[in-house]
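S.K.: how would this look folded up:
(one chain, ligands or ions: 3)
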Amino acid sequence: MKDDPVHGLRLKSRAVPLEELIANGGLERAIREGQLTLHYQPKVEMRSGRTVGLEALLRWRHHLHGMISPEHFIPVAERHGRIHTITRWVLEAVIRQCASWRTEGVLVPVAVNLSGLDLAERELPDYIEALLKRWDVPSLFIELEITETAAIGDHQICDEVLSQLSRLGITVAIDDFGTGYSSLQRLKQLPFTTIKIDKSFISDTARGSQEMVFVDTITQLGHRLGMKVVAEGVECGESWALLAAAGCDMGQGYHISRPLPGEMMSRWLRNNVPLSCCATSG
Ligand code: C2E
Ligand code: CA
Ligand code: CA
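M.R.: Ligands and ions are numbered 1, 2, ... in the order given. Below is the predicted model:
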């Protein structure tokens, strides 16, 4: 039976509303009981085939309800004021994982997805800085991804938080690009280094459809604004070739690897050299 994001998780015999689960502290319990984990998906430079980064994707395996998709529980966590707890847990887990990979010689930056609400939290940059210090991880190993819709709001705090993060040397990508309505003005004002073209535009590229027109246009726009362009959701070699020809800098998707747990990603990285993909290990 399929999950229903509106009415909750429809389990074998009864409906358990996700809203209720989260309102009653289900996510905090999930953290305490180790039900949350991270999977990692590689981001590969199209020109060289090198893995230049990973994206951390949250997974919740509930002891009764099984896997709950982040697409379902993140918006509910936002509505119930639980997102900061989640984001902080993810940031700490990712930075700890980066520290551990560094001791193995795996020097790869990891991107964390932020909620738009996180950008209204003035303490976020200090919190990240303190974590990086505690785990002795240089800031270039952490990247942040913010969805286009979350980033276009004209909030003073959001702009300050983004500028402070960028001063720390943390790069910020604009995620799901093409699904919101960014003004070009706003895109230029904010310190984004990367555009991630939403997978809804990528999935049909192999069929030579109109989607390729969007990809071409967004790629040119990104480059003109001095940004790198990532295609997400690349599922086959044909799409990969078309996107590379369109000038996308990086690709991410099942064609390269599905998101994998940390241990499996370590193995994947070892089998897919080069491991050192940061300009400096310092
Ligand atoms: P996203 O940031 O756009 O992440 C990409 C989604 O596409 C992921 O879904 C990933 O597993 C999936 N994907 C990767 N390659 C392919 C492909 O080739 N084809 C297809 N069809 N899909 C692919 P996932 O892991 O279910 O995450 C869904 C969304 O949940 C993410 O979209 C992101 O917005 C949110 N999310 C995930 N983890 C976190 C987190 O730690 N914090 C926050 N705030 N949001 C998160
Ligand atoms: Ca993302
Ligand atoms: Ca997306």
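S.K.: Enumerate the residues of the stretch 51-200 of the chain near ligand 1.
M.R.: For the stretch 51-200 of the chain, the contact set with ligand 1 under Cβ under 6 Å from any ligand atom comprises 57-58, 69-71, 74, 90, 113-115, 145, 175-176, 199. For glycine as for every other residue, the C-beta is placed from the backbone atoms N, C-alpha and C.
S.K.: again, only using 5 Å
M.R.: Contact residues (Cβ under 5 Å from any ligand atom) of the stretch 51-200 of the chain with ligand 1: 57, 58, 70, 71, 74, 90, 113, 115.
S.K.: and those residues near ligand 2, which?
M.R.: Among those, the residues lying close to ligand 2 (Cβ under 5 Å from the ion) are residue 113.
S.K.: May I see the residues of the stretch 51-200 of the chain next to ligand 1 arranged in JSON lines, with neighbour count as well?
M.R.: Converted to JSON lines, these look like this (neighbours: other Cβ atoms under 10 Å):
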{"residue": "57", "neighbour count": "18"}
{"residue": "58", "neighbour count": "21"}
{"residue": "70", "neighbour count": "14"}
{"residue": "71", "neighbour count": "9"}
{"residue": "74", "neighbour count": "18"}
{"residue": "90", "neighbour count": "18"}
{"residue": "113", "neighbour count": "20"}
{"residue": "115", "neighbour count": "19"}
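S.K.: Next, give me the two most distant ones among the residues of the stretch 51-200 of the chain next to ligand 1.
M.R.: Greatest spacing in those, by Cβ to Cβ: 71 and 90 (15.3 Å).
S.K.: contacting residues for the residue of the chain found nearest ligand 3?
M.R.: For the chain and ligand 3, the shortest gap (Cβ to the ion) falls at residue 176, measuring 4.2 Å. Each residue near residue 176 by Cβ atoms under 8 Å, 6 or more residues apart in numbering is listed here: 147, 148, 149, 196, 198.
S.K.: helix or strand for it, which one?
M.R.: strand 171-177 (DSSP states H and E).
S.K.: Go through that strand and flag the buried ones.
M.R.: Residues 171, 172, 173, 174, 175, 176, 177 are the ones in strand 171-177 that count as buried (16 or more other Cβ atoms under 10 Å).
S.K.: what would those look like in a markdown table with pLDDT?
M.R.: Converted to a markdown table, the buried residues of strand 171-177 look like this (pLDDT from 0 to 100):
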| residue | pLDDT |
| --- | --- |
| 171 | 95 |
| 172 | 95 |
| 173 | 95 |
| 174 | 93 |
| 175 | 93 |
| 176 | 91 |
| 177 | 89 |
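S.K.: Quick check: the farthest pair among the residues you listed?
M.R.: Pairwise distances across these (Cβ to Cβ) peak at 17.0 Å, for the pair 171 and 176.
S.K.: Check the residue nearest the centre of the chain and give its pLDDT.
M.R.: Nearest to the geometric centre of the chain sits residue 113, at 3.9 Å (Cα atoms, centre = their mean). Here, the pLDDT recorded for residue 113 equals 98.
S.K.: do residue 204 as well
M.R.: Residue 204 is assigned a pLDDT of 77 by the prediction.
S.K.: could you pull out the strands for the stretch 1-150 of the chain?
M.R.: Remark: strands assigned in the stretch 1-150 of the chain by DSSP state E, counting those that start in this stretch are 9-10, 15-16, 36-45, 51-62, 66-68, 110-114, 142-147.
S.K.: out of the ones you listed, nearest to residue 203?
M.R.: Here strand 36-45 is closest among the strands of the stretch 1-150 of the chain (Cβ to Cβ), at 15.9 Å.
S.K.: quick revisit: which one among the contacts of residue 176 gets closest to residue 226?
M.R.: residue 196 (15.8 Å).
S.K.: what's the helix or strand for that closest one?
M.R.: Using DSSP H and E, residue 196 falls in strand 192-197.
S.K.: Can you tell me the strand partners of that strand and which way each runs?
M.R.: When sheet partners are counted by DSSP bridges, strand 192-197 sits next to strand 171-177 (parallel), strand 228-232 (parallel).
S.K.: Run through the stretch 101-250 of the chain and note the low-pLDDT ranges.
M.R.: Residues of the stretch 101-250 of the chain that meet the criterion pLDDT under 70 lie in 151-154, 181-182, 208.
S.K.: In it, what residue spans correspond to helices?
M.R.: 124-134, 148-151, 156-167, 184-189, 199-202, 211-224, 237-245 (DSSP state H, counting those that start in this stretch).
S.K.: wait, which of those is closest to ligand 2?
M.R.: Per Cβ to the ion, nearest to ligand 2 of these: helix 199-202, 9.8 Å.
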